[in-house]
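Peer 1: Below: sequence and its predicted model.
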Amino acid sequence: MTKYIVRRTLWFLPVLFAVTLFTFVLMRAIPGGPFSYAGDKSLPPQVVANIEAKYHLDWPMWKQFASYLLGDDIVDRAAYEESLALKRRPSRGLIRGDLGPSFRYRGQTVNDIVATTLPTSAQLGLMAVALALVIGIPAGTIAALKQNSAIDYMATFSAVFFASIPSVVLSPILIYVFALRLNWFPVASWGTKPPYFLGFLPQLAHLNLTFLKHAALPVFALGTGMAAGIARLTRGSLLQVIREDYIRTARAKGLKERLIIVRHALKNSMIPVATILGPLIAAVVTGTFIVEQIFGINGMGKHFVQSIGNRDYPVIIGVTLIYSVLLVIGNLMVDITYAWLDPRIRYD
């Protein structure tokens, strides 16, 4: 397993390099540029040329990419010293953790945007995934064990119902009923004191009622659809597993039914659920545009969408690269989970 993890980790580097290169090239193939317009008016060509020269967009493509990866001081020392003389912020390069300046949000870097929005999106996403697992796995398990009963029909109907309602429809309904009519929860925004264990901070003491009230509606709106999918996967997989020969053998030996279900059947039936969790967590942790927009949450979701229209090249690359990193890490965790769920799986 150790060799497999090391080998997969080393493969991360060419994968992330390819993602960065393709994103860098393809976004410049989109018609228009980041400084072509100011509001609804087009800028004069000379003004556009001056702004592009400031951000080195007049350099050849290969030189821009090399500067983005390595930094201005390595690629063009004269340009680096000129930036220092004019009190501009030179690029330090991606390999040194610099994602570059934002073209849209003047005075802010992509690192600043990520540091502000990623923890919020991560809190929302991880809480939604936790809710989905807490609801989906028990619901799917009970439905499978009570196949063709009223409980099974109810669980299946609920799963199909919530899977069919998109968050763009469910979110306004939740706001109208529970925020505007019943006044149980805030209409929008995010709590000021998050649970630190979900915000990459070391303490848990600041988990408070105010934050939970702010988080309840967006977490429910985002988590119910995922819970429905997990419930359906769990039910289908468990129905297949409990008909296997080794389950009948365990029952013939006289093992308790609860032990058979938990230790043997349910554990092996979690492989399809584990398969979707890696990409699912990467997607929701890096931001969900619709839920964040409706509930007024300052997360990364809007930057995935707005950076395309703004032609904000550094933000496009930055958010894509962060998503890619989380995706490859999530897939690695899924592969490791396979070996834990099914001892027959070996990678060495």
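Peer 2: Happy to help now that I have it.

Peer 1: next helix or strand past the helix or strand bottoming out on mean pLDDT in the chain?
Peer 2: The weakest-scoring helix or strand in the chain, judged by mean pLDDT, DSSP states H and E, is strand 37-38 (a mean of 62). Downstream of strand 37-38, the first helix or strand assigned by DSSP states H and E is strand 41-42.

Peer 1: Could you give the number of residues near the closest residue to residue 333 other than its chain neighbours?
Peer 2: Nearest non-adjacent residue to residue 333, counting by Cβ to Cβ, 6 or more residues apart in numbering: residue 278, 6.0 Å away. C-beta coordinates here come from the backbone N, C-alpha and C atoms, glycine included. For residue 278, the neighbour count with other Cβ atoms under 10 Å is 20.

Peer 1: State the distance from residue 98 to residue 144.
Peer 2: For residue 98, the distance to residue 144 (Cβ to Cβ, to the nearest Å) stands at 50 Å.

Peer 1: Residue 261: neighbour count?
Peer 2: For residue 261, using other Cβ under 10 Å, the count is 20.

Peer 1: Can I take it that it is in a helix?
Peer 2: Yes. The assignment for residue 261, made by DSSP: H, G, I helix; E, B strand; the rest coil, places it in a helix.

Peer 1: Now do the closest residue to it other than its chain neighbours, the pLDDT please.
Peer 2: Using Cβ to Cβ, 6+ apart and skipping residues adjacent in sequence, the residue nearest residue 261 is residue 145, 7.0 Å away. Looking at residue 145, its pLDDT reads 87.

Peer 1: give me every residue that touches residue 145.
Peer 2: By Cβ atoms under 8 Å, 6 or more residues apart in numbering, residue 145 lies in contact with 238, 242, 261.

Peer 1: Would you reformat these as JSON lines and include pLDDT and distance to residue 64?
Peer 2: Formatted as JSON lines, the contacts of residue 145 follow (pLDDT from 0 to 100; distance: Cβ to Cβ, whole Å):
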{"residue": "238", "pLDDT": "89", "distance to residue 64": "53"}
{"residue": "242", "pLDDT": "85", "distance to residue 64": "58"}
{"residue": "261", "pLDDT": "84", "distance to residue 64": "58"}
